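*Asks:* A predicted structure for the sequence below; I have some questions about it.
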Number of protein chains: 2
Amino acid sequence: MGAEPAVATALFPDRLAEAVERKRSQLLVGLDPRPDLLPVELAGDAHLSREAAADACGRFCRGIVDAVAPHVVGVKPQLAFFEALGADGLRAFEDACAYARSAGLIVLADAKRGDIGSTSRAYSTAYLEPRGEQPPLADAMTVNPYLGRDSLDPFLAACRRHGSGVFCVVKTSNEGVADIQDLALSDGRPLWQHVARLVAEWGEELVGDRGLSSVGAVVGATHPRAVGEARRLLPRSILLLPGIGAQGAGPADVARAFTSGPSSALVTASRSVLYAFRTSKDDWRSAAAQEAARLKSEVWAASGW
Amino acid sequence: MGAEPAVATALFPDRLAEAVERKRSQLLVGLDPRPDLLPVELAGDAHLSREAAADACGRFCRGIVDAVAPHVVGVKPQLAFFEALGADGLRAFEDACAYARSAGLIVLADAKRGDIGSTSRAYSTAYLEPRGEQPPLADAMTVNPYLGRDSLDPFLAACRRHGSGVFCVVKTSNEGVADIQDLALSDGRPLWQHVARLVAEWGEELVGDRGLSSVGAVVGATHPRAVGEARRLLPRSILLLPGIGAQGAGPADVARAFTSGPSSALVTASRSVLYAFRTSKDDWRSAAAQEAARLKSEVWAASGW
């Protein structure tokens, strides 16, 4: 395996902390482009072909990046919505990532990948490794823990080598958490809390100057008590909190996630920002900007920093 | 939600059973194209650009499909290796899927996806839904259960509507199974056995004419005792068994998986077939064909049918 090369760049949590404090924002806007929900001016002939749909989604993502850039610390493109448009969709994903980066935003690829080691290495190559002379597509990505530690090693290696961040799914915002994540283990604790402890352990060697780790955790904002418990179990992890807005949680539900510092949690909102124009009289860009600005302020206030 | 449309095509297990019996093969060859391992004649200028690498990988996949088609019931393209080459790689994936289909092979997309419902729906659209006038890219795909039942509903809907198959990760072939899958629950059973029971339950309403369900399970062939236990817990599920060949298991290790019928298990081999030429004096196509033919016969004999 050879010696590990030296860290080439600052660790992810330090880069993130700088950006959060500079922008006074802990908000990530999710890029979930759906051809059937696009503004009329973009929808045009998006129904005619996947190529046209991908093109329209790409223009939508650029417009959203422009609109929300002053208010967010980053964007969270959800790969599924790009993959639904095939290779053309993946081209739009690559374009959205590069465009967001050039706007100075953190890019978190919401991929929830995880597979045996040699396969996870390919996923890490896809999203976290530099592409020749180009930077990586994403600064960080979400991963799934079900296959265990060795399935995540390639992502942890990218944290060390390239200053990437990894957010491990711990407790999600959907109802299905009851089926597996909430199962009681032999010691009485729910599985997700055991996973949280593993995430804390996996992240121990990747703690930056601010005391936060490159290995974060996804915890649904729809479970406020679990957010508090996750904070306790994961004092050094950045918590990624989906579920605000369309899924029903509010900024107050996530306040306790921020007790490890202003950048110790990130709130994500997708549909409520992207498609704000559908319940507004404003242009789609203005509607998204206004909703992002509102959420950013509410979250910052709730975070207590 | 409206009424479910009628089933448009035969259920996946019935289509698969017909193919297995016709070809007397329970073998799937994994398509894991790696630019650094390609035959010299294809490697050419694959190092020059991602586009060139994707093109070379695409030609490799077509050659492998031609070589193994007489011996396998299908192919299992691993999305990670295509995603590592970006949008060009996904184009090669689409091409490989279409080419394998036109050769009469079952296509199982190894994606291990799973996310909250609206996102999983996009993944199902990507891989299991018809693409306009075109058929779906894949006949079946692998999914990850960690997010619970509602995260898999869109895939189950595709099983009903389009005759798709879904293979849920239950117990994988890597060492990391100890971290999560093998954890003891409060009743003393390991988590993976509970997941196996859930898979059996999720598949109950999707049982075809041969008594097998559209909802299968991934169980590493590297754990022969677990394969037997999985067979017992999942009498109607098709077991997808990776780990033969490069990962160390042999056909005898999976014999008991076939007690529910000749198509009640599928063995996958990837590196040992794709890269057989590296330890052979034969042309890469001949080497792959020979190894596939050998494995096919060994597995068929071990299956006892």
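*Replies:* Yep, it's here. Because the structure is a prediction, the values reported are computed rather than measured.
*Asks:* is stretch A:58-75 in proximity to chain B?
*Replies:* No. When contact is scored as CB under 8 Å from any CB of the partner chain, no part of stretch A:58-75 falls within range of chain B; the minimum is 11.3 Å. The C-beta positions use only the backbone N, C-alpha and C, and glycine is treated the same way.
*Asks:* buried residues, that stretch. List them.
*Replies:* Using 16 or more other CB atoms under 10 Å in any protein chain shown as the test for burial, stretch A:58-75 gives A:58-65, A:67-69, A:71-75.
*Asks:* how about stretch A:129-145?
*Replies:* Neighbour counts over stretch A:129-145 (16+ other CB under 10 Å) mark A:129, A:136-145 as buried.
*Asks:* distance to chain B added to the residues you listed, as a markdown table?
*Replies:* Compiled in a markdown table, the buried residues of stretch A:129-145 are given as follows (distance: CB to the nearest CB, whole Å):
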| residue | distance to chain B |
| --- | --- |
| A:129 | 9 |
| A:136 | 11 |
| A:137 | 8 |
| A:138 | 12 |
| A:139 | 17 |
| A:140 | 16 |
| A:141 | 11 |
| A:142 | 9 |
| A:143 | 11 |
| A:144 | 5 |
| A:145 | 6 |
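*Asks:* relative to residue A:47, which of the residues you listed is nearest.
*Replies:* Within the buried residues of stretch A:129-145, proximity to residue A:47 (CB to CB) peaks at residue A:137, which comes in at 28.0 Å.
*Asks:* let's verify the closest one: helix, strand, or coil?
*Replies:* Remark: residue A:137 carries the secondary structure label coil [criterion: DSSP: H, G, I helix; E, B strand; the rest coil].
*Asks:* nearest spatial neighbour of it, skipping sequence neighbours?
*Replies:* When the adjacent residues along the chain are set aside, residue A:137 lies closest to residue A:97, with 4.5 Å between them (CB to CB, 6 or more residues apart in numbering or on different chains).
*Asks:* and the buried residues of stretch A:58-75, which of them are in helices?
*Replies:* Among the buried residues of stretch A:58-75, the residues falling in helices (DSSP state H) are A:58-65, A:67-68.
*Asks:* can you list those in a markdown table and add pLDDT?
*Replies:* A markdown table is the format used below for those (pLDDT from 0 to 100):
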| residue | pLDDT |
| --- | --- |
| A:58 | 97 |
| A:59 | 97 |
| A:60 | 98 |
| A:61 | 98 |
| A:62 | 98 |
| A:63 | 98 |
| A:64 | 98 |
| A:65 | 98 |
| A:67 | 98 |
| A:68 | 98 |
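*Asks:* quick one: low-confidence parts of chain A?
*Replies:* Along chain A, the parts satisfying pLDDT under 70 run over A:1-8.
*Asks:* can you give me the strands for it?
*Replies:* Listed in chain order, the strands of chain A (DSSP state E) span A:27-31, A:74-77, A:106-113, A:140-143, A:165-171, A:215-219, A:239-241, A:265-269.
*Asks:* how about the ones you listed, which one is nearest residue B:32?
*Replies:* Between residue B:32 and the strands of chain A, the shortest gap by CB to CB is with strand A:106-113, which sits at 15.2 Å.
*Asks:* is any residue of that closest one near chain B?
*Replies:* Yes. Strand A:106-113 comes into contact with chain B (CB under 8 Å from any CB), by way of A:112-113.
*Asks:* that strand packs against which elements?
*Replies:* helix A:12-23, strand A:27-31, strand A:74-77, helix A:79-83, helix A:86-102, helix A:117-127, strand A:140-143, strand A:165-171 (3 or more CB pairs under 8 Å, 6 or more residues apart in numbering or on different chains; DSSP states H and E).
*Asks:* the second one pairs with which strands?
*Replies:* Right, strand A:27-31. Strand A:27-31 pairs in its sheet with strand A:74-77 (parallel), strand A:265-269 (parallel), by DSSP bridges.
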